[in-house]
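> Predicted model, plus sequence, below.
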Amino acid sequence: MGQKLFREAKRFVNQALTDSTEENIAIAKNSLVSAFANSTLAQQEHLSQMQEELRQVEHDGHQTM
């Protein structure tokens, strides 16, 4: 289950990085939380990096508004 959630989180984060709508960012955030709870330490490190990328995109989006 953890591997599937990790792959989904990665896909949703990539989608949010490509198309940074509020909806895509919210979906990516939710998928990160689910994946984090069910992942290995190595995966958690990678998820943390993806979360930081998502924060940056979200922050940049608020700067332009």
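Structure's in. What do you need?

> so what does the least confident helix or strand in the chain by mean pLDDT touch, helix or strand wise?
In the chain, no helix or strand scores lower on mean pLDDT, DSSP states H and E than helix 41-64, which sits at a mean of 90. Counting contacts by 3 or more CB pairs under 8 Å, 6 or more residues apart in numbering; DSSP states H and E, helix 41-64 packs against helix 2-18, helix 22-37. (Glycine included, C-beta is placed from N, CA and C.)

> now the shortest one: mean pLDDT?
Helix 22-37 shows an average pLDDT of 95 in the prediction.

> List of residues touching the least confident helix or strand of the chain?
The contact list for helix 41-64 (CB atoms under 8 Å, 6 or more residues apart in numbering) reads 2, 6, 9-10, 13, 16-17, 20, 25, 28-29, 32, 35-36, 39.

> picking that back up, mind putting the helices and strands packed on helix 41-64 in TSV, mean neighbour count and distance to Ser48 included?
Below are the helices and strands packed on helix 41-64 laid out as TSV (neighbours: other CB atoms under 10 Å; distance: least, CB to CB, whole Å):
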stretch	mean neighbour count	distance to Ser48
helix 2-18	17	11
helix 22-37	17	8
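
> mind giving me JSON lines with the ones you listed and columns for distance to Arg55?
What follows is the helices and strands packed on helix 41-64, written out as JSON lines (distance: least, CB to CB, whole Å):
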{"stretch": "helix 2-18", "distance to Arg55": "11"}
{"stretch": "helix 22-37", "distance to Arg55": "9"}
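
> Not counting its neighbours along the chain, what's nearest Leu17?
Spatial nearest neighbour of Leu17, chain neighbours left out: Val57 (5.7 Å); criterion: CB to CB, 6 or more residues apart in numbering.

> Repeat that for Asn24.
Per CB to CB, 6+ apart, closest to Asn24 is Ala16, 4.1 Å.

> Quick check, the one you found in contact with Leu32.
No: with contact defined as CB atoms under 8 Å, Ala16 does not count as touching Leu32 (10.0 Å).

> Mind listing residues that contact stretch 16-28?
Under the contact criterion CB under 8 Å, 6+ apart, stretch 16-28 has outside partners Ala9, Phe12, Val13, Gln15, Glu53, Leu54, Val57, Glu58, Asp60, Gly61.
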